[in-house]
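Visitor: could you look at this predicted model? Sequence included:
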Amino acid sequence: MRGHSEKTRKEGDFLQTRNPGGIALDFPASELIEDMEKFLFKFKGYYFNRSPLDIGFIENLDNFEIRENDVFIITYPKSGTIWFQQLLSLIYSEEHRKGAGKLETMDRTPFLEYNFRKVDFEKRPSPRLFSTHLPYYLVPSGLKNKKAKIIYVYRNPKDVMCSYFHFAKNVISQFIGTFEEFMKQFLEGRVIGSLWFDHIKGWYEHRSLFNIQFMTYEEMKKDLRGSVSKICKFLGKGLSEEDMDAVVRQATFENMKYDPLANYDNIIAIRYGLDVKGHFLRKGTIGDWKNHLTVEQNERFDKIFQREMKDFPLEFIWDMNED
Ligand SMILES: Nc1ncnc2c1ncn2[C@@H]1O[C@H](COP(=O)(O)OS(=O)(=O)O)[C@@H](OP(=O)(O)O)[C@H]1O
């Protein structure tokens with residue numbers, strides 16, 4: 001059977017020995033890769049999801065008018081985007097906090113580049129909330145005048161890669177290979193969002209152009225209430241204790257997983273069909289990579305990480321028990 005990477009577990013190893021994504025393939029891996037690439041659209045060196053993409057809109061993004069009180073969540077895919085969509089919606093909308101509204105978070109904090117519902121963004125009332133996976137050099141130039149606030153959320157890239165693998169395979173069905181094959185593709189940046197290293201480094205190195213706050217998925221996971229306070233401080237939003245409780249309660253993984261307005265299950269069903277077996281809200285943990293990478297894959301990843309992120313000052317949390 002192709003695709004399984006069986007390794008003998010050494011005493012004390014924390015890594016899983018068997019690639020859980022390994023499946024039998026009866027055609028060459030090169031065809032798989034081509035297959036996935038048919039879902040990608042490359043524009044100015046960056047891979048978009050081909051559908052739903054309004055190419056005319058993307059070509060004119062530079063001129064998209066930014067308002068002073070717009071708020072953007074910027075992420076590399078699988079780094080906590082929908083979590084922040086929910087958080088921003090809860091912070092900004094009393095209706096949402098009180099559970100009275102019927103709008104899905106995806107409509108409250110829509111993607112700038114994937115306008116599923118074809119909303120006229122110019123008609124949206126302020127403050128407008130947006131999400132995007134765009135690299136720093138493709139965002140509207142209004143953002144570069146520090147006009148609006150940006151929260152850049154990042155997550156340790158091993159967990160990003162594992163989350164992405166399940167998503168590409170079990171949710172959007174754009175990938176049918178093994179974990180090893182996906183890892184290669186991820187490390188070459190041939191996925192929606194392009195290369196993880198370029199995304200985070202680009203945003204960090206150009207941070208002085210933007211009004212931007214960097215936050216990690218992991219700090220949210222370890223201290224949700226403290227993180228919500230940090231977000232509110234950056235956004236200049238004061239919340240009462242009671243409102244803060246409501247935000248924190250509704251932004252936990254357990255709550256979001258079963259909240260039909262926040263878990264994206266409806267959107268998956270509409271776009272990909274009712275028989276899709278994966279979920280956006282999958283595990284929501286830190287360190288799931290240890291259940292996926294073999295010892296060899298982990299060492300290979302570390303080498304590349306050390307080479308690419310040499311001198312990069314932001315810290316990463318790889319384990320739930322790490323400070
Ligand atoms: N509330 C909360 N708490 C903890 N973790 C959460 C939460 N909401 C979303 N998630 C996890 O975020 C992962 C999905 O990332 P994104 O939302 O960035 O995906 S996407 O880029 O919009 O497709 C995905 O991670 P994995 O579970 O590791 O796959 C989600 O489970």
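Guide: Noted; the coordinates are in hand. Residues are numbered from 1 along each chain as shown.
Visitor: around residue 248, how many other residues sit close by?
Guide: Neighbour count for residue 248, taken as other C-beta atoms under 10 Å: 18. C-beta coordinates here come from the backbone N, C-alpha and C atoms, glycine included.
Visitor: ok, it - contacts?
Guide: 224-225, 228 (C-beta atoms under 8 Å, 6 or more residues apart in numbering).
Visitor: please, which helix or strand holds residue 130?
Guide: strand 129-132 (DSSP states H and E).
Visitor: what are the buried residues along that strand?
Guide: 129-132 (16 or more other C-beta atoms under 10 Å).
Visitor: report all helices and strands that it contacts.
Guide: strand 71-75, helix 81-92 (3 or more C-beta pairs under 8 Å, 6 or more residues apart in numbering; DSSP states H and E).
Visitor: need the residues of the protein near the ligand, please.
Guide: 75, 77-83, 159, 163, 166-167, 221, 251-253, 256, 280-284, 288 (C-beta under 6 Å from any ligand atom).
Visitor: need the buried ones from those residues selected in PyMOL.
Guide: Here is the PyMOL command that picks out the buried ones among the residues of the chain next to the ligand, judged by 16+ other C-beta under 10 Å:
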select buried, resi 75+77+78+79+80+81+82+83+159+163+166+167+221+251+256+280+281+282+284+288
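Visitor: export the helices and strands packed on strand 129-132 as TSV, with columns for mean pLDDT.
Guide: Listed next are the helices and strands packed on strand 129-132 as TSV, based on pLDDT from 0 to 100:
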stretch	mean pLDDT
strand 71-75	98
helix 81-92	96
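Visitor: so which of these is the most packed in?
Guide: Most buried of these, by mean neighbour count (mean count of other C-beta atoms under 10 Å): strand 71-75, with a mean of 26.
Visitor: could you pull out the strands for the protein?
Guide: Taking DSSP state E to define them, one finds strands in the chain at 40-43, 46-49, 71-75, 129-132, 149-154, 211-216.
Visitor: ok, the last one: who's next to it in the sheet?
Guide: Looking at strand 211-216 with DSSP bridges, its partner strands are strand 149-154 (parallel).
Visitor: now swap in the first one and tell me
Guide: Take DSSP bridges as the rule and strand 40-43 pairs in its sheet with strand 46-49 (antiparallel).
Visitor: return the distance of the partner strand from the chain's centre.
Guide: Strand 46-49 sits 14 Å away from the centroid of its parent chain (C-alpha atoms, centre = their mean, to the nearest Å).
Visitor: swap in stretch 38-49?
Guide: 17 Å.
Visitor: and that stretch, end to end?
Guide: Its first and final residues considered, stretch 38-49 spans 9 Å by C-alpha to C-alpha, to the nearest Å.
Visitor: same thing with stretch 56-71?
Guide: 23 Å.
Visitor: flag every buried residue along it.
Guide: In stretch 56-71, counting by 16+ other C-beta under 10 Å, buried: 58, 61, 64, 66, 70-71.
Visitor: ok, now stretch 294-307?
Guide: Applying 16+ other C-beta under 10 Å to stretch 294-307 flags 294-295, 297-298, 301, 305 as buried.
Visitor: in helices, which of those appear?
Guide: Using DSSP state H, the members of the buried residues of stretch 294-307 that fall in helices are 295, 297-298, 301, 305.
Visitor: contacts only, for residue 251.
Guide: Residue 251 neighbours (C-beta under 8 Å, 6+ apart): 83, 86-87, 90, 224, 228.
Visitor: output the lowest mean pLDDT helix or strand found in this structure.
Guide: helix 29-37 (a mean of 52; mean pLDDT, DSSP states H and E).
Visitor: ok so, going back, so which of the buried residues of strand 129-132 comes closest to the ligand?
Guide: residue 131 (7.5 Å; C-beta to the nearest ligand atom).
Visitor: and the closest one, how far from residue 83?
Guide: To residue 83, residue 131 is 11 Å away according to C-beta to C-beta, to the nearest Å.
Visitor: which residues pair with residue 129 across the strands?
Guide: On the basis of DSSP bridges, residue 129 is bridged to residue 71.
Visitor: what residues are up against it?
Guide: Applying C-beta under 8 Å, 6+ apart, the residues near residue 129 are 70-73, 85, 88-89, 92, 108-110.
Visitor: same check on residue 272?
Guide: 171-173.
Visitor: from these, which would you call buried?
Guide: Here, 16+ other C-beta under 10 Å leaves 171-172 buried among these.
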